[in-house]
Structures are given as C-alpha cells and as structure tokens.
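Undergrad: A structural model of the following input is requested.
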Amino acid sequence: MRARRLDALWLTGVCLLTLRAFAGWWRLDRLRRQAQIAVPETVKRGFEKVARQLRLAHSVSLHISDEIFSPLAMGVWRAAVIIPVSAVASLPPDQLEAVLAHELAHIRRWDYIGNLLQTAIECLFFFHPAVWWMSRRTRDLREMCCDEVAARTCMDPGIYAEALLNLEERRADRLQLAVALHGNGGTLLNRIRRVMGDSTVDYSSISAVRLTAAVLVIGGLLFAPHIADGLKAEPAHARILSNTAPAIAAVPVAQPAASPEIVIRNHAAVRPTASAAPAPAAVAAPVAVVVAQVEKQAAPVEPQQAEKASGGDYIQRMRDAGYPLDLNKDLDTLVSLRSLGVSPEYAKSIAQAGLGTPTLHQLISLKAQNVTPEYIASLKGTEAAPSNLHELISEKALGVTPEYAKSVTSFGLGTPTNHDLVSLKALGVTPEYFAELKASGITPSNLHELSSLRALDVTPEYAKSMASAGYPNLSSHELMSLKAQGVTPEYLHWVKTTFPNSDLHQVQQAAVFHINADFIANAKAHGFNSTDLEKLIRLRMTGLLN
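TA: Below you'll find the predicted structure:
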C-alpha cells in the first residue's frame with residue numbers, strides 16, 4: 001500500500017513537471033513566431049561574421065523581440081537566436097557581437113538538445129536531490145564554456161565582461177527550455193572572473209555530507225517496504241544475512257578516489273606470495289588504500305618504466321614540477337594528461353620557452369596540437385613569433401608557419417601581427433588569392449581589409465561580374481558592401497534594367513529592402529503605379545504590403 005502511494009506521488013510529480021516543461025516550450029515557440037526577422041543591417045552583418053568565425057554547420061536565423069531582456073538561443077534544425085531590442089539599442093557593436101557569439105556557441109555545441117534531455121531527467125528523477133544539484137552544475141559549466149568561446153572572439157575579454165554587466169541590468173525571466181545568456185544558477189561574479197582569466201570560481205554547492213544523508217533517507221523510504229517483504233518471505237535469507245552481517249559491516253565502502261587505470265597497472269606489478277590469502281575486507285577497501293598497499297608490494301621496475309608502472313610517482317613528479325594535482329579532484333585532468341603523454345619534463349620544457357608557465361589546460365592543448373620546444377624555437381625571431389601560450393596554440397592549430405608569415409609580409413600591406421596571421425590563415429587567405437585580387441584590380445589597403453574581403457567571399461570573378469553588369473572599377477569597400485547586402489550580378493542587372501537612373505547607393509537600398517519583381521507586381525495590384533525606386537523603397541519601409 002505504501003509503495004502504491006509512493007508510485008502515485010512520483011507519477012504526479014512527473015506529470016506536473018512535464019506540464020511545466022511543455023508550457024515553457026510553448027512560450028518559447030510563441031516568442032520565436034512573434035519576434036521580428038527584419039534586423040538592422042549592421043547587426044545582421046555582425047551576426048553573419050560571428051557565424052562564419054565559429055564555422056557553424058547549419059544556418060541560424062536572427063530575431064529581435066521586445067518581450068525579453070536577455071538574449072537566448074533555441075532550436076536544433078531550425079535554430080534561432082533572439083536578442084532584445086534594448087540590447088541592440090544600448091550595446092556597442094563589439095559587445096553585441098560577443099553576446100551573439102555566446103548564443104551561437106550554444107547552437108554549435110547542440111546545447112538545446114542537451115537541455116531537453118536534462119529537463120527530461122529532472123522530470124523523471126525529481127525526487128533525487130543529486131539530480132537537481134548536478135543539473136545546476138551542468139548549466140553553470142555550459143554557460144562558462146560558451147563564455148570562453150565568446151571571450152575568444154573578442155580582441156579583449158573585457159569587452160564581453162562589460163556586455164555581461166550591461167545585460168545583467170535587463171535580465172529576462174528565465175525560460176527553462178531556452179539556453180539564455182545569463183544561465184541558470186550561475187552568478188555574474190563567477191562568470192566575469194572566469195572571462196577575465198580567474199579560474200578559481202566559487203561554486204555554491206550542497207554539502208557532500210548533507211547530500212549523502214538526503215540520498216540515504218530517500219533510498220530508505222523507497223526500498224524499506226520491499227526489503228521488509230523480502231525478509232518475511234525468505235527467513236532463511238534473513239539468517240544468512242544475520243550470520244554474515246558482522247563481516248559485511250567490517251567492509252569499508254569503496255570511494256572512487258583513483259583512476260582505475262592506475263590501480264590495474266599497479267596491481268599487475270604485485271608479486272604473489274603463498275601465504276597471502278585474499279582477505280574479504282581487501283575487496284571493498286578504499287581505492288586510495290589499495291593504491292598505497294600495491295605500491296608497497298610492487299616488484300622493482302626498470303628506471304625507464306617508472307612512469308608507466310607508478311601512477312603515484314607520476315603525480316608526485318607533476319607536483320614537483322609545480323602542478324599540485326589531487327587524485328580525487330583532478331581525476332579527469334589526470335586521465336587527459338596521461339592519455340596524451342604529458343610528462344613533467346614536457347611541462348618544464350614549455351615553461352622554459354619564455355612564453356609563461358602553462359596551466360594544466362594549456363598543457364593538454366599544447367600536447368594535443370603536438371607543440372614541441374623545437375617548434376617554438378623555429379617561430380622566434382620571425383613575424384609569427386607568439387607573445388603568449390594562447391597565441392602559440394592558435395598558430396599551431398591553424399598551421400601558421402614562419403614561411404606563411406613571410407609570404408603575408410610580402411603582400412606590402414604592413415607587418416602582420418599574430419592576430420592578423422591567425423585570422424588570415426583561418427579564413428584561408430593565400431598568396432595565390434592575393435595575387436588574383438591584384439590581377440583583377442582589387443587592391444585592399446591593409447590586412448584587415450584583406451581579411452574582410454576573404455570573409456565575405458569577394459572573388460575576382462565577383463568583381464568581373466559586377467563590371468559586366470554595368471558597375472566597373474568598384475573599390476574593395478564597395479565590393480564588400482554589395483556582397484554583404486547579398487547583391488548578385490543577376491539582381492544588379494535587373495535593377496539597372498528596371499531603373500536605369502539608379503545609382504549604387506539605391507541598388508544597395510533596394511537589396512536591403514528586397515525590392516524585386518514580385519513586390520512591384522504586388523504594389524501595382526494595390527493601385528501603386530509609380531516606377532520610382534525611391535518611392536518603392538519608402539513603400540516597402542512602411543510595411544503596408546507585407
């Protein structure tokens with residue numbers, strides 16, 4: 001009877017939480033449908049720039065809404081980013097781009113699907129306090145991951161930190177199924193500290209003792225009736241349990257304190273003895289005690305095998321190198337370090353390269369990119385010489401070499417900085433591409449303009465098609481503007497044919513407001529017979545025929 005009551009309570013909780021989740025999803029869908037698609041051109045260009053920089057695999061629509069005060073990202077196949085009107089009006093362009101990068105990072109990481117699964121788990125296991133604690137921590141870490149992506153898209157992480165502060169004043173009501181900028185449960189101070197490079201983030205979490213006690217109490221309430229029924233049905237089992245209870249009570253509870261890989265390797269090195277019978281307590285002993293016992297009994301190993309044979313020795317040598325690793329707290333980091341082959345000697349060699357002492361995260365990234373002291377030495381004294389480890393990792397990941405730096409210098413557009421080299425290489429700017437631009441008459445004035453041309457996919461073929469459509473000798477800035485507005489040679493030819501007296505500025509306006517043959521036919525059907533392009537643009541701006 002008690003079990004049925006508990007089942008009924010569980011089912012009621014699942015139904016209520018499911019209804020709440022569905023209501024949140026419905027509200028989000030309504031927000032997306034009511035949000036405006038027509039966004040300012042400068043915002044749209046910034047959005048597309050960030051999307052290209054993050055290399056999104058699918059298209060994402062941008063919306064503006066006056067019903068929210070904090071940006072949010074939603075959807076999977078029809079992904080959308082919704083930003084508040086207040087953010088567009090108050091944030092500078094660089095801060096707004098950083099905020100958009102945060103939202104696009106959520107979409108790139110498929111966080112919406114993860115959030116849906118997380119909500120489903122919360123609905124099913126709402127009675128378990130550990131689920132809510134882990135859910136809150138997961139959302140905090142999700143926001144911090146996207147904060148790092150947004151900070152890296154800025155020239156200065158302080159830009160994104162200022163954007164967080166500005167948006168905090170206009171925080172929206174939290175929508176459970178959306179991935180909103182302010183996150184769930186994370187504090188603004190922790191996020192800003194993280195963005196500015198402080199990794200010592202203070203989490204307000206449940207005490208482990210309280211959490212364990214709560215789990216034991218709930219587990220006892222759930223399973224006590226079933227255990228009592230089993231004891232009544234099987235008295236023989238009860239006698240067996242009674243006889244073996246002292247032995248079981250003497251066995252300590254195992255704690256996941258060490259990596260299974262380390263324990264297995266050390267255990268394999270134990271020399272068997274005839275008199276050592278396996279004691280029952282040793283089976284479930286704490287992992288830390290097992291490691292200590294195995295190290296004492298381990299057979300002698302060769303010096304060159306010391307690192308592989310003793311996990312404890314590896315940890316100690318990393319501590320001696322200045323990395324205070326803890327087997328309980330840094331287990332995931334230890335697994336990454338060992339799997340990539342990061343040794344204390346490697347850490348010391350990177351630190352001696354003169355770019356600063358690498359953190360554990362940087363060591364993992366450096367080793368994953370196969371950065372060696374020899375590679376660092378080859379960059380010194382060249383245009384590609386990095387000033388810090390972050391620049392070094394970026395250069396290695398993108399394949400920036402001294403030869404590439406020399407070829408960019410030979411363009412005659414100024415001495416490239418490390419940021420210029422990374423941007424040019426990421427966009428695929430090659431000496432061949434620059435030579436083709438010059439041959440077609442496109443002459444960028446600096447490296448930044450060259451990057452913009454490549455980012456917008458302005459090619460010599462595009463310039464030639466514009467010239468054949470009636471607009472020869474366009475500057476690189478005009479070509480970029482036309483490309484950013486989505487002006488194609490076919491559209492340019494249609495505008496020139498339909499409106500012979502139109503200039504380049506009017507062509508751009510016509511492209512922005514989607515003046516085409518269908519719109520003109522619609523205007524005529526409503527009695528508007530003017531063929532003046534300026535009047536058609538003003539009619540479009542009124543929205544009367546939308």
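Undergrad: how close does the residue positioned nearest the centre of the chain get to A51?
TA: Centroid check for the chain by C-alpha atoms, centre = their mean gives C146 as the closest residue, at 4.1 Å. Going from C146 to A51 by C-beta to C-beta, to the nearest Å gives 14 Å. Glycine gets a C-beta too; all of them are placed from N, C-alpha and C.
Undergrad: re the thing from before, could you verify my assumption that the residue nearest to the centre of the chain touches L100?
TA: No. Taking contacts as C-beta atoms under 8 Å, C146 lies outside contact range of L100: 11.3 Å.
Undergrad: what's the local residue count around L141?
TA: Residues lying near L141 (other C-beta atoms under 10 Å) number 14.
Undergrad: now do the longest helix that the chain contains, average pLDDT.
TA: Longest helix of the chain, by residue count under DSSP state H: helix 2-34. Averaging pLDDT along helix 2-34 yields 82.
Undergrad: repeat for stretch 75-90
TA: For stretch 75-90, the per-residue pLDDT averages 81.
Undergrad: pLDDT weak spots in the stretch 201-350 of the chain?
TA: 201-312 (pLDDT under 70).
Undergrad: what's the helix or strand hosting Q508 in contact with?
TA: Taking DSSP states H and E as the criterion, Q508 maps to helix 504-512. Residues outside helix 504-512 that contact it (C-beta atoms under 8 Å, 6 or more residues apart in numbering): 41, 471, 474, 478, 481-482, 485-487, 491-492, 495-496, 499, 502, 515, 533-534, 536-537.
Undergrad: pretty sure I68 is in contact with V85, am I right?
TA: No. Taking contacts as C-beta under 8 Å, I68 lies outside contact range of V85: 9.0 Å.
Undergrad: compare neighbour counts for these two and give me the winner.
TA: Shown here are I68 and V85; by other C-beta under 10 Å, I68 has more neighbours (23 against 15).
Undergrad: three-state assignment of the more buried one?
TA: With DSSP: H, G, I helix; E, B strand; the rest coil as the basis, I68 sits in coil.
Undergrad: what's the separation between it and A105?
TA: Distance from I68 to A105, counting by C-beta to C-beta: 19 Å.
Undergrad: going along the chain, name the helices of the stretch 401-546 of the chain.
TA: Per DSSP state H, counting those that start in this stretch, the stretch 401-546 of the chain carries helices over the ranges 402-409, 418-427, 431-439, 447-455, 460-468, 476-484, 489-498, 504-512, 517-525, 533-542.
Undergrad: buried residues of the third one, list them for me.
TA: In other words, helix 431-439. Along helix 431-439, these residues count as buried under the neighbour rule (16 or more other C-beta atoms under 10 Å): Y433, F434, L437.
Undergrad: same list (those residues) but as TSV, adding pLDDT and distance to V371.
TA: Formatted as TSV, the buried residues of helix 431-439 follow (pLDDT from 0 to 100; distance: C-beta to C-beta, whole Å):
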residue	pLDDT	distance to V371
Y433	89	27
F434	90	28
L437	88	33
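Undergrad: which among those gets closest to L167?
TA: Nearest to L167 among these, counting by C-beta to C-beta, is Y433 at 38.3 Å.
Undergrad: tell me the contacts of the residue nearest to that closest one when sequence neighbours are not counted?
TA: Leaving aside its sequence neighbours, Y433 sits nearest to R454 (C-beta to C-beta, 6 or more residues apart in numbering; 6.8 Å). When contacts are counted by C-beta under 8 Å, 6+ apart, R454 touches L424, L427, G428, V429, Y433.
Undergrad: so which of these wins on neighbours?
TA: Sorting the contacts of R454 by how many neighbours each has (other C-beta under 10 Å) puts L424 first, at 26 neighbours.
Undergrad: find me the pLDDT at it, would you?
TA: Looking at L424, its pLDDT reads 91.
Undergrad: surely it touches L447?
TA: Yes. L424 is in contact with L447 according to C-beta under 8 Å; the separation is 6.9 Å.
Undergrad: list the residues that contact both of these two?
TA: Here L424 and L447 share the contacting residues V408, P416, scored by C-beta under 8 Å, 6+ apart.
Undergrad: show me the strands in the chain, by range?
TA: With DSSP state E as the criterion, the chain has strands at 61-65, 72-74, 80-84, 179-180.
Undergrad: now these in CSV, please, with extra columns for mean neighbour count and distance to P324.
TA: Listed next are the strands of the chain as CSV, based on neighbours: other C-beta atoms under 10 Å; distance: least, C-beta to C-beta, whole Å:
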stretch, mean neighbour count, distance to P324
strand 61-65, 18, 45
strand 72-74, 25, 37
strand 80-84, 24, 41
strand 179-180, 25, 34
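Undergrad: can you redo those as a markdown table with distance to N522?
TA: Below are the strands of the chain laid out as a markdown table (distance: least, C-beta to C-beta, whole Å):
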| stretch | distance to N522 |
| --- | --- |
| strand 61-65 | 24 |
| strand 72-74 | 32 |
| strand 80-84 | 27 |
| strand 179-180 | 38 |
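Undergrad: right, and these - which one's nearest A463?
TA: With distances scored as C-beta to C-beta, the stretch of the strands of the chain nearest to A463 is strand 61-65 (28.3 Å).
Undergrad: who are the packing partners of the closest one?
TA: On a contact count with 3 or more C-beta pairs under 8 Å, 6 or more residues apart in numbering; DSSP states H and E, strand 61-65 meets helix 2-34, helix 41-54, strand 80-84, helix 85-90.
Undergrad: quick one: the shortest one to helix 2-34, angle?
TA: What it means is strand 80-84. If you take axes from the mean of the first three to the mean of the last three C-alpha atoms, to 10 degrees, strand 80-84 sits at 70 degrees to helix 2-34.
Undergrad: mind giving me the packing neighbours of strand 80-84?
TA: So strand 80-84, by 3+ C-beta pairs under 8 Å, 6+ apart, packs with helix 2-34, strand 61-65, strand 72-74, helix 93-108.
Undergrad: for the first one, what is the distance to the chain centroid?
TA: Right, the one you point to is helix 2-34. Offset of helix 2-34 from its chain centre (C-alpha atoms, centre = their mean, to the nearest Å): 29 Å.
Undergrad: now that helix: buried residues?
TA: Under the neighbour-count criterion of 16+ other C-beta under 10 Å, helix 2-34 has L17, A21, G24, W25, R27, L28, L31, R32 buried.
Undergrad: mind putting those residues into JSON lines with distance to G114?
TA: What follows is those, written out as JSON lines (distance: C-beta to C-beta, whole Å):
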{"residue": "L17", "distance to G114": "18"}
{"residue": "A21", "distance to G114": "14"}
{"residue": "G24", "distance to G114": "16"}
{"residue": "W25", "distance to G114": "15"}
{"residue": "R27", "distance to G114": "20"}
{"residue": "L28", "distance to G114": "16"}
{"residue": "L31", "distance to G114": "20"}
{"residue": "R32", "distance to G114": "19"}
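Undergrad: and which of these is nearest to A8?
TA: Distance to A8 across the buried residues of helix 2-34 (C-beta to C-beta) is lowest for L17, with 15.2 Å.
Undergrad: now do the contacts for that closest one.
TA: E122, C123, F126.
Undergrad: quick one: buried ones out of the residues you listed?
TA: Among the contacts of L17, those buried by neighbour count (16+ other C-beta under 10 Å) are E122, C123.
Undergrad: kindly export stretch 124-138 (C-alpha atoms) in CSV.
TA: Extracted in CSV, the C-alpha atoms of stretch 124-138 (Å, rounded to 0.1, in the frame of the first residue of the first chain):
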residue,chain,number,x,y,z
LEU,A,124,11.7,11.6,-14.1
PHE,A,125,14.0,11.8,-11.1
PHE,A,126,12.7,15.0,-9.5
PHE,A,127,12.7,13.3,-6.1
HIS,A,128,16.5,12.9,-6.0
PRO,A,129,18.4,15.9,-4.7
ALA,A,130,21.6,14.9,-6.5
VAL,A,131,19.8,15.3,-9.9
TRP,A,132,19.0,18.9,-9.2
TRP,A,133,22.5,19.6,-7.9
MET,A,134,24.1,18.0,-10.9
SER,A,135,21.6,19.8,-13.2
ARG,A,136,22.5,23.2,-11.8
ARG,A,137,26.2,22.5,-12.1
THR,A,138,25.8,21.3,-15.7
